[in-house]
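Q: what would the 3D arrangement of this be:
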Amino acid sequence: MERSKIAVTLGDPAGIGPEIVVKTFEKKELYEMADMVLIGDKFVLEKALKVTNSDLKINVIETVEEGKYEYGTIDLIDLGIITEDYEFGQVNAKCGEASYRYIMKAGELAMEGHVESVATSPINKESLRAADVPYIGHTEMFEDISKVKDPLTMFEVEDLRVFFLSRHVSLKEAIDLVTYDRVLDYIIRSAEALKVLGVEGNIAVAGLNPHSGEHGLFGWEEVNEIEPAIKEAQRLGYDVTGPIGADSIFALGLEGRFGAVLSLYHDQGHIATKTYNFMKTISLTNSMPFLRTSVDHGTAYNRAGQNTASEVSMVEAVRLAAKYGYKFRKN
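A: The predicted model follows:
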């Protein structure tokens, strides 16, 4: 594996992000895979080191190029936003602002080519709102940073990769979005994203209705929208199959039958991946000039500051950033 450069964001200071980040930097094997630079605040990081009883040292740097990238040291770009104490587990405008600015700085480094990927820890939507941040979440921020409209979300857990035709909309709206044009567009975009990641294999499209509609018996979306889009994609030379019933397609994906699955709405793919392995289901944001990986859990305010939060998902997010990130290297 080629060595990657990764910017890691500290997340909402009042949540579990800082402590799972510290525990992630304690994993020696990650230092062997990538150069990791942390974007955050020294004050917040020092507090997290105390919470986790960690002996890691902080090396404050101005640029990515100044990092030591040695096990036992966290190379930190200190933004100096949080400089006084705050309460764990509480919505806090200052913490919302800090988490937002960590992300924007990491995105800036990626767009300038100093890092190839960004691994993000959790942020809190209420704290963002309290800080008057004009974005609801990470994806919207990265859309602005990268200037890529509607970047692709892909989940990966073991041998299963899942793209999503729609994300945060009502189920009724999600069904309305299952159109010929959109399905065809997402097949093509997903295939191109897999090519960039170096992933081989075809794309399987999930059915929307029970048993993929049974030729109109349980709904006509497959007949009128999904199947014609798949046939057109095949005519254009894309290796795609389906629709395959949602009750079996994800199990087949876990067996390695497909390069990826195109899920037709948010919960269809989320339930499948997270039921299989919640902590190791990682979100990858594709189709940007850089890669973004993320834990797929929240700030867990009720557990923040207690040193009980698991770092497994954060470690996996960094590992996948290292696995794929170098492919986004700017020449």
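Q: wait, a helix at P228?
A: Yes: applying DSSP: H, G, I helix; E, B strand; the rest coil, one finds P228 inside a helix.
Q: dump the residue contacts of it.
A: Contacts for P228 were tallied using C-beta atoms under 8 Å, 6 or more residues apart in numbering; they are Y180. (C-beta placed from N, C-alpha, C; glycine too.)
Q: separation between it and G242?
A: P228 sits 12 Å away from G242, going by C-beta to C-beta, to the nearest Å.
Q: what bridges to T293?
A: T293 forms beta bridges with A119, L284, as assigned by DSSP bridges.
Q: and the residue lying farthest from the centre of the chain, what pLDDT?
A: If you look at how far each residue of the chain sits from its centre, by C-alpha atoms, centre = their mean, the farthest one is L217, at 37.0 Å. On pLDDT, L217 comes in at 84.
Q: do you know how far it is from G245?
A: From L217 across to G245, the span is 13 Å (C-beta to C-beta).
Q: repeat for K274
A: Distance from K274 to G245, by C-beta to C-beta: 20 Å.
Q: for the chain, just list every one of the helices.
A: For the chain, applying DSSP state H gives helices covering 17-25, 28-33, 42-51, 93-111, 125-130, 138-146, 171-176, 180-197, 221, 227-235, 249-254, 266-277, 312-325.
Q: can you give me the angle the last one makes with helix 266-277?
A: Regarding helix 312-325 and helix 266-277, their directions subtend 110 degrees when assessed with axes from the mean of the first three to the mean of the last three C-alpha atoms, to 10 degrees.
Q: quick one: residues contacting Y301.
A: Y301 makes contact with 14-15, 88-90, 124, according to C-beta under 8 Å, 6+ apart.
Q: next one: A204
A: 240-242, 244, 249, 252-253, 257-258, 260-262.
Q: and the contacts of Y301, which two are the farthest apart?
A: In terms of C-beta to C-beta, the contacts of Y301 reach their longest pairwise distance at F88 and N124, which sit 11.8 Å apart.
Q: shared neighbours, those two?
A: Listed as contacting both F88 and N124 by C-beta under 8 Å, 6+ apart are 14-15, 301.
Q: most packed of the helices of the chain?
A: Highest mean neighbour count among the helices of the chain (mean count of other C-beta atoms under 10 Å): helix 17-25, with a mean of 27.
Q: who touches that helix?
A: 8-11, 30, 36, 38, 40, 44-45, 47-49, 51-52, 54, 56, 74, 99, 121-123, 295, 299, 304-305, 307, 309-311, 313-315, 318.
Q: G216 and V223, how far apart?
A: 5 Å.
Q: looking at those two, which one has more neighbours?
A: More neighbours surround V223 than the other of G216 and V223, with 16 against 12 (other C-beta atoms under 10 Å).
Q: low-confidence ranges, the stretch 201-331 of the chain, go.
A: The model of the stretch 201-331 of the chain has pLDDT under 70 over residues 330-331.
Q: hang on, the earlier thing: in JSON lines, list the helices of the chain along with distance to F164.
A: JSON lines is the format used below for the helices of the chain (distance: least, C-beta to C-beta, whole Å):
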{"stretch": "helix 17-25", "distance to F164": "24"}
{"stretch": "helix 28-33", "distance to F164": "27"}
{"stretch": "helix 42-51", "distance to F164": "32"}
{"stretch": "helix 93-111", "distance to F164": "21"}
{"stretch": "helix 125-130", "distance to F164": "19"}
{"stretch": "helix 138-146", "distance to F164": "11"}
{"stretch": "helix 171-176", "distance to F164": "10"}
{"stretch": "helix 180-197", "distance to F164": "8"}
{"stretch": "helix 221", "distance to F164": "16"}
{"stretch": "helix 227-235", "distance to F164": "16"}
{"stretch": "helix 249-254", "distance to F164": "13"}
{"stretch": "helix 266-277", "distance to F164": "6"}
{"stretch": "helix 312-325", "distance to F164": "17"}
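Q: tell me which of those lies nearest to H211.
A: Here helix 249-254 is closest among those (C-beta to C-beta), at 11.8 Å.
Q: how about stretch 147-156: buried residues?
A: Going by neighbour count (16 or more other C-beta atoms under 10 Å), the buried part of stretch 147-156 is 151-156.
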